[in-house]
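# need the 3D shape of this:
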Amino acid sequence: MPRYRMIAIDLDGTLLSPKGEVTPRAKSAVHKVLAAGYLVCFATGRNWTESRTVIEAVEHYGTAVFVGGAMVIDTGKDVTLHRTLMDGDLARSLCLTIESEGHAVLALQDTATAGVDYVVSGGDTAMDPATAHWMRVTAARIHRFPRLSEYPHDHTVRVGIVAQRTESRRVREKLLEQFGERIICHSLFVPAYDVEVLEVFDPAVNKWEGILHVARRHGILPEEIIAIGDDMNDVPMLQNAGLGVAMGNARPEAMAAAKKVIKPNTEEGLAEFLEELVDLHLVEPA
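Next up is the predicted model:
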């Protein structure tokens, strides 16, 4: 039976319940695998600010992967260990196209060096309700700038928009047509607001690369890693880990990339799997 030493865990849709909470059972299961000697690395599309309440709820302050792999941070010491910034010229060109299509750009920053979480185009123009609510809930710090196509982007990690699903997909197709392999696009649907978040990265960015950065620091091989997730940005880690595990609520693409599918987050799928991993050693691929 394979020997695993590290577990990479997505947050939204995986660790978190459908209500966005860390359940007592999930927290207990994480600490059970920690006590058994596994290295636990959270890997999320959120930035550190947006993830802080989750990390505090589960009470595991290890090294974690943020912004889809662009940032690796020691959450206990609040120190950035690795980052992949977007090229400034590329960021400005992307913003020019997006702003020309009538959308305000959300440029996620390396908070530690920029001093803010987001730079948002549009001056005094109001953000859409979904974006404004997210900024309030996560206590994100923002800076408004008239046109991000003219912004330096010295600390920009990712650019994106929040829009209706059809509009988000229209902009995505335009960006892919114009920039091709120079970018990677992720689309995340938010049912509560009926909007889609479009995120654009440097092509070198993905969760798996961030996880490997953590693994190398501990002398852990790729085949010794279990990766657990549910969405498109989890596909690289599900494909490349020694054991890729998809949630029962995962998108079809994530399920196809995984070797094992567990129960959904509505049924404590992650907690059950982690408990079995320690107690029964049921880690054979399905």
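# all contacts plus neighbour counts: C-alpha atoms, from now on.
Will do.
# in the sheet, which residues pair with the residue nearest to residue 103 when sequence neighbours are not counted? Tell me.
Take residue 103 and drop its neighbours on the chain: the residue closest to it by CA to CA, 6 or more residues apart in numbering is residue 161, 7.0 Å away. Under DSSP bridges, the beta-bridge partners of residue 161 are residue 198.
# how many other residues sit next to residue 161?
When neighbours are counted by other CA atoms under 10 Å, residue 161 registers 24.
# isn't residue 202 up against residue 184?
Yes. Under the contact definition of CA atoms under 8 Å, residue 202 touches residue 184, with a separation of 6.2 Å.
# more crowded one of these two?
For residue 202 versus residue 184, the count of surrounding residues by other CA under 10 Å is larger for residue 202: 21 against 17.
# just the strands in the stretch 1-150 of the chain please.
Secondary structure of the stretch 1-150 of the chain by DSSP state E, counting those that start in this stretch: the strands cover 6-9, 39-42, 63-66, 71-74, 79-83, 106-109, 118-121, 142-145.
# of all these, which one is nearest residue 153?
Closest to residue 153 of these is strand 106-109 (CA to CA; 8.3 Å).
# residues in contact with residue 234?
Contacts for residue 234 were tallied using CA atoms under 8 Å, 6 or more residues apart in numbering; they are 10, 207, 228, 254.
# ok, and the most crowded of the residues you listed?
Of all the contacts of residue 234, residue 228 has the most neighbours under the rule other CA under 10 Å, reaching 31 neighbours.
# for residue 87, give me its contacts.
Residue 87 makes contact with 153, 202 under the criterion CA under 8 Å, 6+ apart.
# next one: it from residue 274, what distance?
Computed with CA to CA, to the nearest Å, the distance linking residue 87 and residue 274 is 39 Å.
# same check, this time on residue 67
The gap separating residue 67 from residue 274 is 24 Å, by CA to CA.
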